[in-house]
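Asker: Got a sequence here, can you build the structure:
(chains A and B)
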Amino acid sequence: MALKLYDDRMSQPSRAILIFCKANGIEFEEVKTEIAKKQHRSPEFAEVNPMKQVPAIVHGDFKLFESHEILIYLASAFPGIADHWYPADVRKRAKVHSVLDWHHSNLRRGSAGYMFNSAIALALGLPLNPEAAAESEKLLSKSLAMIESYWLQGDGPFLLGNEKPSIADLALVCEIMQIEAADENERERILGPHKRILKWIEDTKNATAPHFDEIHSIMPLARQMLKELKVQASKP
Amino acid sequence: MELKLYVDRLSQPSRAILIFCKANGIEFEEVKIDLAKHQHHSPEFAEVNPMKQVPAIAHGDFKLFESHAILIYLASAFPGVADHWYPADVHKRAKIHSVLDWHHSNLRVVQVIIVKCERIAVGYIFNSAIAIERGLPLNLQAAAKEEKLLSESLAKIESYWLQGDGPFLLGNEKPSIVDLSLVCEVMQPEAADESEHERILSPHKRILKWIEDTKNATTPYFDEIHSIMPLAREKIKELKVQASKP
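Answerer: Prediction:
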């Protein structure tokens, strides 16, 4: 049964799913659906996902959207996926659910809000909003601190103190990698103080090598593009 | 193994969990954490949930927070919970997860009530962390905008999530954990202002039917757990009166 993945590599949840599939040898056809080109608003894509958001998948005739659900579905529907990605044990699984849920309201809200209002809005033809960016940065920083003081506590190097990564590590790390599209001073300011976070990103990268770097090879390009857009936007 | 639920009945996710347990005959001890009295900030509660939010559970020595994770855990860990609450089938389950996630990002009921009820009401009804982080737009423009977004979300539920053969979300014949979770969310404005709540919901006939169907499927627990609403409304009225005194 064919698996089609509708994604935009600039979208952090899209990247999490791409890395997961590649790291687990899941075959798929990638259908690039670029947000900046408004391809997510096409009638064809609305047939796939009426919410008009990427990522979305089609597996045979089964359609699904919302990245956490896609990760859970892929981990459950494909044979041979190692248990650590989405544990069968009800309690371990519940913990994975709780960090994914926490992510929505905390890291994602802070990170996406910050990146959108300080840079990415320009790529969509919208103005920047420094006030909103500052608010979001507070939530982002608080979330990074919470990851270090709570979610990364335990014996192992991954979230929930796990020895090996779960889908939650992919989802959250790809979110943080979005900050790579910001300029160097901003990255240093936001991520620099969080040494434990930096180690965790490295561990997740190594656990999914070479796919993690391959999928994130778009980031320098994104950074360049946003730099140029900012320069253009500042011209009278 | 005993189950403790740390809840505040004024919190919509708390109610969803209470109704689920009662409707499924799951025994538990209810530990009331009164948000208005800041009990969620106590050191004892921080031991249960370092995020200091309700609801949270302790099942034996296992602790868990985030209401969707809790609902999934309870549906999975207790024998005899009917399959329709959280189907074993991978495809059906995936659809349930997707509406739970959509809920996180889209059903903006909370925002409407924040702008309408002013700061004094917020601390009483909600986990104030969310309210403070979102800021508290107190002007009519922001209120109108939030209400429009809420209406759009309700319209989306009607046009998409409630489509299908059955009366419940995803066209299901019987309710799942998402029906409980979303209906309790939609009921929340009733805690502040009944007429406002009616005004916002009345154009959405399909939503009203769905609330009624969910209520009937979990009777008498739904009404019993929501009996706190009139009480909340009275308290808010009192708080508003006090706040307006010089």
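
Asker: Now do the domain split for the chain, please.
Answerer: Using chain A here. A:3-77, A:90-234 (automatic domain parsing).

Asker: hm, I was asking about chain B
Answerer: B:3-83, B:90-244.

Asker: Among the ones you listed, which one carries the weakest average confidence?
Answerer: When the domains of chain B are compared on mean pLDDT, domain B:90-244 scores lowest, with a mean of 77.

Asker: residue contacts, residue 155?
Answerer: Going with chain A. By C-beta atoms under 8 Å, 6 or more residues apart in numbering or on different chains, the contact list for residue A:155 reads A:161, A:163. In this view, the C-beta of every residue, glycine as well, is placed from N, C-alpha and C.

Asker: my bad, the chain I had in mind was chain B
Answerer: So residue B:155 contacts residue B:204 (C-beta under 8 Å, 6+ apart).

Asker: Now mean pLDDT too, for the domains of chain A, in CSV please.
Answerer: Listed next are the domains of chain A as CSV, based on pLDDT from 0 to 100:
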stretch, mean pLDDT
domain A:3-77, 94
domain A:90-234, 93
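
Asker: one step back: please convert the domains of chain B to TSV, extending it with distance to residue A:70.
Answerer: Converted to TSV, the domains of chain B look like this (distance: least, C-beta to C-beta, whole Å):
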stretch	distance to residue A:70
domain B:3-83	16
domain B:90-244	8
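
Asker: Identify whichever of those domains lies nearest to residue A:51.
Answerer: With C-beta to C-beta as the criterion, residue A:51 lies closest to domain B:90-244 of these, at 7.2 Å.

Asker: Tell me the gap between the closest one and the middle of its chain.
Answerer: Averaging C-alpha positions (C-alpha atoms, centre = their mean, to the nearest Å) puts domain B:90-244 7 Å from its chain's average.

Asker: Also stretch B:76-94?
Answerer: Centroid separation for stretch B:76-94 versus its chain: 20 Å, with C-alpha atoms, centre = their mean.

Asker: tell me the phi and psi of residue A:51?
Answerer: phi -80, psi -10 (degrees, to the nearest 10).

Asker: these two touch, right, it and residue B:101?
Answerer: No: here residue A:51 does not reach residue B:101: they are 10.7 Å apart, not a contact under C-beta atoms under 8 Å.

Asker: These two: which is more packed in?
Answerer: For residue A:51 versus residue B:101, neighbours defined as other C-beta atoms under 10 Å in any protein chain shown are more numerous around residue B:101 (21 against 17).

Asker: Tell me the spacing between that one and residue B:1.
Answerer: Using C-beta to C-beta, to the nearest Å, residue B:101 is found at 29 Å from residue B:1.

Asker: hey, where'd the helices end up in the chain?
Answerer: Since no chain was named, I'll use chain A. A:12-23, A:43-48, A:67-77, A:90-103, A:109-115, A:121-123, A:130-146, A:167-177, A:184-191, A:195-207, A:211-215, A:219-234 (DSSP state H).

Asker: wrong one, I was asking about chain B
Answerer: B:12-23, B:43-48, B:67-77, B:90-106, B:109-125, B:128-133, B:140-156, B:177-187, B:194-201, B:205-217, B:221-225, B:228-244.

Asker: which helices and strands sit right next to the shortest one?
Answerer: Helices and strands touching helix B:221-225, by 3 or more C-beta pairs under 8 Å, 6 or more residues apart in numbering or on different chains; DSSP states H and E, are helix B:12-23, helix B:205-217.

Asker: mind saving the C-alpha coords of the shortest one as CSV?
Answerer: Yep, that's helix B:12-23 we're talking about. Extracted C-alpha coordinates of helix B:12-23, given in CSV (Å, rounded to 0.1, in the frame of the first residue of the first chain):
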residue,chain,number,x,y,z
GLN,B,12,-13.1,21.7,31.4
PRO,B,13,-10.5,18.9,31.0
SER,B,14,-11.1,17.9,34.7
ARG,B,15,-14.8,17.5,34.0
ALA,B,16,-14.1,15.3,30.9
ILE,B,17,-12.0,12.9,33.0
LEU,B,18,-14.6,12.8,35.9
ILE,B,19,-17.4,12.0,33.5
PHE,B,20,-15.3,9.3,31.8
CYS,B,21,-14.5,7.6,35.0
LYS,B,22,-18.0,7.7,36.3
ALA,B,23,-19.6,6.5,33.1
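
Asker: Tell me which residues of stretch B:90-109 come out buried.
Answerer: B:93-104, B:107-109 (16 or more other C-beta atoms under 10 Å in any protein chain shown).

Asker: Next up, the contacts around residue A:182.
Answerer: Residues near residue A:182 by C-beta under 8 Å, 6+ apart: A:115, A:118, A:119, A:190, A:223, A:226.
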